[in-house]
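Q: When you get a sec, could you give me coordinates for this:
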Amino acid sequence: MIPRDAAQPHRVASSLELFFDLVFVVAVSIASAQLHHALSEGHLQHGIISYAMLFFAIWWAWMNFTWFATAFDTDDWLYRVTTIVQMSGVLVLAAGIPSAFEHGHFALVVVGYVVMRIAMVAQWLRASRAAGPLRQATRRYAFGIAAVQVLWILFLLVPDGPFQLVAFAAFALLEMSIPVFAEHERQTPWHPHHITERYGLFTLIVLGESLLASANAIIEALHEAESFVPFISISVLTLVVTASLWWIYFWPEHHRAVGSFGSSLRYGYTHYLIFAAAAAFSAGIEVELDVLTGKSELSSTAASFTVTVPIAVFLLGVWWVAIRRSADRVVNTVVPLGAVLVLLDPILPVPVALTAVIMVIIVVFLVLHPPVPEKKAAVIENA
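A: As a prediction, this is how the structure comes out:
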């Protein structure tokens with residue numbers, strides 16, 4: 001398991017990586033569904049905090065595997081088996097999400113998470129045997145991950161409430177500090193095109209949840225013969241917004257955003273907000289449907305915010321890590337401004353309508369103002 005060539009031509013996601021992503025489809029879908037139920041029932045604080053905690057486990061496990069794979073993927077039988085063990089941990093974690101949301105019971109989630117992370121320790125230890133100059137970094141990864149897993153097991157002993165939130169925040173920060181601790185002297189190789197393709201594929205997964213919400217609107221319309229127009233409208237508007245989010249995300253060349261160790265950390269960590277926001281957007285659409293059918297405890301205004309806030313976070317996140325370096329001043333004004341303006345959507349009686357218009361306007365500007373060349377982008381950034 002020697003380090004991969006970071007300049008390998010035509011490097012693309014492997015079939016194993018695509019297979020690995022499938023189990024995360026399950027976990028993201030369950031987390032989004034639980035957020036939807038919590039929001040519709042009026043448990044805003046509980047729902048948002050629980051979602052943020054559980055989505056961290058999903059995102060961090062996926063991200064660690066992805067960066068390891070870009071550096072050391074061998075695709076031999078042992079690597080495949082270890083990866084499948086990680087997949088089993090994802091499924092266990094996914095199965096524990098409802099209990100964590102409804103009752104605050106994190107035992108199954110922690111078990112699944114620890115299974116994923118211990119398998120990751122095995123991968124790093126195997127990589128250390130032939131890592132050469134990177135041996136110290138790989139062993140630091142293995143030691144750091146193993147140590148934090150002990151803390152996550154102890155997390156189960158922390159009583160529910162403020163102390164649990166403090167413990168979670170502390171342990172999550174320790175998890176995120178491991179790459180800095182491991183690679184501050186010498187960095188493992190990453191393939192810019194491969195790593196950003198992997199992030200793009202996961203973005204498609206979370207955006208797919210919004211398309212599911214759009215389809216659910218059509219299903220609801222079939223059961224509401226007397227008032228099907230609002231449901232069809234939401235379905236169409238959701239498709240427009242989701243397509244716009246896709247267009248905006250893939251507008252810049254993302255590989256330009258991971259040129260240095262610091263920029264790669266910024267790119268990877270900010271995607272927690274991007275991924276979580278995209279999945280939360282689909283939960284917000286489901287909340288809007290509940291409002292139309294009288295199944296939600298939220299007002300129409302509050303329900304609109306469950307849609308617009310995730311969209312605003314998504315836009316700002318993508319702008320910060322990818323668009324900003326590739327855009328001229330017009331685009332760098334329009335995108336953040338659009339993120340703010342979508343928050344005005346609740347003033348309209350038609351859900352998602354203003355948001356859809358703003359998103360289309362942003363896409364039009366992106367079409368009229370293509371990404372600037374890399375050299376010019378560097379000049380703009382330094383100006």
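Q: quick one, what contacts residue 104?
A: By CB atoms under 8 Å, 6 or more residues apart in numbering, the residues touching residue 104 are 50, 160, 164. C-beta: built from backbone N, CA, C; applies to glycine.
Q: okay, now the last one: neighbour count?
A: Put plainly, it is residue 164. Other residues lying near residue 164 total 17 when counted by other CB atoms under 10 Å.
Q: Now the helix or strand where it lies: average pLDDT?
A: Following DSSP states H and E, one finds residue 164 within helix 162-183. In this model, helix 162-183 has a mean pLDDT of 94.
Q: next helix or strand past it?
A: Next helix or strand after helix 162-183 toward the C-terminus (DSSP H and E): helix 192-223.
Q: Just the CA atoms of the next helix or strand after that next one, as PDB, please.
A: Per DSSP H and E, the first helix or strand lying C-terminal to helix 192-223 is helix 229-249. Extracted in PDB, the C-alpha atoms of helix 229-249 (Å, rounded to 0.1, in the frame of the first residue of the first chain):
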ATOM      1  CA  VAL A 229     -52.200  23.000  -7.600                       C
ATOM      2  CA  PRO A 230     -50.100  24.000  -4.500                       C
ATOM      3  CA  PHE A 231     -48.400  20.600  -4.400                       C
ATOM      4  CA  ILE A 232     -47.600  20.600  -8.100                       C
ATOM      5  CA  SER A 233     -46.300  24.100  -7.700                       C
ATOM      6  CA  ILE A 234     -44.000  23.100  -4.900                       C
ATOM      7  CA  SER A 235     -42.800  20.100  -6.900                       C
ATOM      8  CA  VAL A 236     -41.900  22.300  -9.900                       C
ATOM      9  CA  LEU A 237     -40.300  25.000  -7.800                       C
ATOM     10  CA  THR A 238     -38.300  22.300  -5.900                       C
ATOM     11  CA  LEU A 239     -36.900  20.900  -9.100                       C
ATOM     12  CA  VAL A 240     -36.000  24.400 -10.300                       C
ATOM     13  CA  VAL A 241     -34.200  25.200  -7.000                       C
ATOM     14  CA  THR A 242     -32.400  21.800  -6.900                       C
ATOM     15  CA  ALA A 243     -31.300  22.100 -10.600                       C
ATOM     16  CA  SER A 244     -30.000  25.600  -9.800                       C
ATOM     17  CA  LEU A 245     -28.000  24.300  -6.700                       C
ATOM     18  CA  TRP A 246     -26.500  21.700  -9.000                       C
ATOM     19  CA  TRP A 247     -25.600  24.300 -11.600                       C
ATOM     20  CA  ILE A 248     -24.100  26.600  -9.000                       C
ATOM     21  CA  TYR A 249     -22.100  23.900  -7.300                       C
END
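Q: coming back round to it: redo the contacts of residue 104 as a markdown table? Include distance to residue 126.
A: Formatted as a markdown table, these follow (distance: CB to CB, whole Å):
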| residue | distance to residue 126 |
| --- | --- |
| 50 | 35 |
| 160 | 38 |
| 164 | 34 |
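Q: Now for residue 103, how many residues are close by?
A: 9.
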